[in-house]
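Colleague: Got a sequence here, can you build the structure:
(one chain, ligands or ions: 1)
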Amino acid sequence: MTIRSVILGAGCYLPQRILTNAELAKMVDTSDEWIVQRTGIHQRRIAAAGEVTSDLALHAARAALADAKVDPKSIDLIVLGTSTPDNTFPATAVSVQAGLGITQGAAFDIQAVCSGFVYGLSIVDALLRTGAHKRALLIGAETFSRILDWTDRTTCVLFGDGAGAVVLEAQEQPGAMTDRGVLTTHLRSDGQHKNKLYVDGGPSSTQTVGHLRMIGKEVFRHAVAMITDVVEDAFKATGASAKTIDWFVPHQANKRIIDGSVHKLGIDPAKVVITVDRHGNTSAASIPLALCEGIADGRIKRGDLVLLEAMGGGFTWGAALVRM
Ligand code: ACO
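Modeller: Numbers count the residues shown, from 1 in each chain. Prediction:
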């Protein structure tokens, strides 16, 4: 027998306000046609004035707890992936903890940009498998609208706000590929690429929040190779393959990056969960949002083998295989 981190439930939250490509075309020199053709994005959600990352995260966390049918008081670990925290400190995770009325266990944020959820999954899985924690909330929550330069058409059309969460529990499983839970996680980073996608501000450098800056072509050039490489690692570690997975839930940055990865990996496009068309890139929130949608609409079922993958600023990237 072995301990596995089993997903008990998932929840998500999107702010009400929808920002369409047509509206963006009135703000910067762009068009619906350009955005759809280059990215696959039609619209994204924008947090309301005063609505902060922890508000989005709390909604998603409550939905995940309800889906899992567990009492918040039984949670002893909260890990929240975000690059848009409410404040420089304390961690946004402790605001979620307070909002849920939890006073036990540990709560902290992790910063791996768009890879935040896969990084978080790896950390939570490790902490549950040691026996140090029993039941965890893993959240990806972002308000990227707050760090966009709304005069820069090369970046402001790409991102959106949202949050997704899962409840994970340490459970004894036989130790086979048929086990429920996280079967493998693989994390990578290469700081040589740190200036290709970054925010030009911070507490220690400018004492300002700053705006997102990106050399889009450079991100695009590396994305498919990095994603497919780390997915191959996950396949090698488990013996799984493009044929044996039931669902692929990729980070939703850009439809062309997803299509390129799917093609290179030989995954059936019918197995891919896509939300980028309606959510844009919600960074650390994109995978749990897509996972939640796939579960809620009945596509992803108990026992399904799900491949997750992310790549983002740093660069950071990673992959995971999870049996639901
Ligand atoms: N509307 C109209 N024209 C635009 C826009 C826009 N929103 N943005 C850029 N352009 C123009 C450029 O100025 C350029 O004009 P020029 O030829 O006169 O100089 C032209 O379009 C082509 O620009 P490119 O940057 O070469 O366009 P490209 O085909 O590379 O597409 C894009 C740009 C969509 C950003 C692409 O590079 C990309 O997808 N990169 C990946 C970036 C990404 O997804 N980042 C998300 C964060 S990272 C992550 O999560 C993985």
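Colleague: Can you name the residue of the stretch 201-324 of the chain nearest the ligand?
Modeller: The nearest approach of the stretch 201-324 of the chain to the ligand comes at residue 216, 2.9 Å away (C-beta to the nearest ligand atom). Placement of C-beta: from N, CA and C, glycine included.
Colleague: In contact with that residue, which residues?
Modeller: Residues counted as contacts of residue 216 (C-beta atoms under 8 Å, 6 or more residues apart in numbering) are 154, 155.
Colleague: Phi, psi for it please.
Modeller: phi -50, psi -40 (degrees, to the nearest 10).
Colleague: and the stretch 1-150 of the chain, which of its residues are near the ligand?
Modeller: When proximity is defined as C-beta under 6 Å from any ligand atom, the stretch 1-150 of the chain approaches the ligand at 30, 34, 35, 38, 39, 114.
Colleague: Out of those, who's the most crowded?
Modeller: Of all those, the highest neighbour tally under other C-beta atoms under 10 Å goes to residue 114, namely 33 neighbours.
Colleague: Confirm that that one lies within a helix, as I assumed.
Modeller: Yes - according to DSSP: H, G, I helix; E, B strand; the rest coil, residue 114 belongs to a helix.
Colleague: for it, what are its contacts?
Modeller: Counting by C-beta under 8 Å, 6+ apart, residue 114 touches 251, 253, 281, 283, 284, 286, 310, 311, 312, 313, 316.
Colleague: So what's the residue count around residue 2?
Modeller: With neighbours defined by other C-beta under 10 Å, the count for residue 2 comes to 12.
Colleague: before we move on, back to that, can you narrow the contacts of residue 114 to ones near the ligand?
Modeller: Answer for those near the ligand (C-beta under 6 Å from any ligand atom): 251, 253, 281, 311, 312.
Colleague: quick revisit: could you dump the residues of the stretch 1-150 of the chain next to the ligand to TSV with secondary structure and pLDDT?
Modeller: Formatted as TSV, these follow (DSSP: H, G, I helix; E, B strand; the rest coil; pLDDT from 0 to 100):
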residue	secondary structure	pLDDT
30	coil	98
34	helix	98
35	helix	98
38	helix	97
39	helix	98
114	helix	98
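Colleague: and the next element down the chain from the helix or strand harbouring residue 229?
Modeller: Residue 229 is part of helix 216-238 when elements are defined by DSSP states H and E. Following helix 216-238 in sequence order, the next helix or strand is strand 247-250 (DSSP H and E).
Colleague: What degree of burial does the nearest residue to residue 314 once chain neighbours are set aside show, as a neighbour count?
Modeller: Of all residues not flanking residue 314 in the chain, residue 189 sits nearest, at 4.9 Å (C-beta to C-beta, 6 or more residues apart in numbering). Counted with other C-beta under 10 Å, residues neighbouring residue 189 total 17.
Colleague: who's in contact with residue 189?
Modeller: 112, 314, 315, 316, 317.
Colleague: Could you do residue 276 as well?
Modeller: 39, 40, 41, 252, 253, 254, 255, 258, 286.
Colleague: what does residue 249 give?
Modeller: By C-beta under 8 Å, 6+ apart, the residues touching residue 249 are 273, 287, 290, 291, 294, 300, 306, 307, 308, 309.
Colleague: and the helix or strand hosting the last one, what does it pack onto?
Modeller: In this assignment (DSSP H and E), residue 309 forms part of strand 305-312. Judged by 3 or more C-beta pairs under 8 Å, 6 or more residues apart in numbering; DSSP states H and E, strand 305-312 is in contact with helix 116-130, helix 216-238, strand 247-250, helix 286-296, strand 316-323.
Colleague: need these in JSON lines with mean pLDDT and distance to residue 263, can you?
Modeller: JSON lines is the format used below for those (pLDDT from 0 to 100; distance: least, C-beta to C-beta, whole Å):
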{"stretch": "helix 116-130", "mean pLDDT": "98", "distance to residue 263": "21"}
{"stretch": "helix 216-238", "mean pLDDT": "96", "distance to residue 263": "9"}
{"stretch": "strand 247-250", "mean pLDDT": "98", "distance to residue 263": "12"}
{"stretch": "helix 286-296", "mean pLDDT": "98", "distance to residue 263": "19"}
{"stretch": "strand 316-323", "mean pLDDT": "98", "distance to residue 263": "17"}
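Colleague: Output these in JSON lines; the columns should cover distance to residue 59.
Modeller: Listed next are those as JSON lines, based on distance: least, C-beta to C-beta, whole Å:
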{"stretch": "helix 116-130", "distance to residue 59": "17"}
{"stretch": "helix 216-238", "distance to residue 59": "29"}
{"stretch": "strand 247-250", "distance to residue 59": "20"}
{"stretch": "helix 286-296", "distance to residue 59": "12"}
{"stretch": "strand 316-323", "distance to residue 59": "23"}
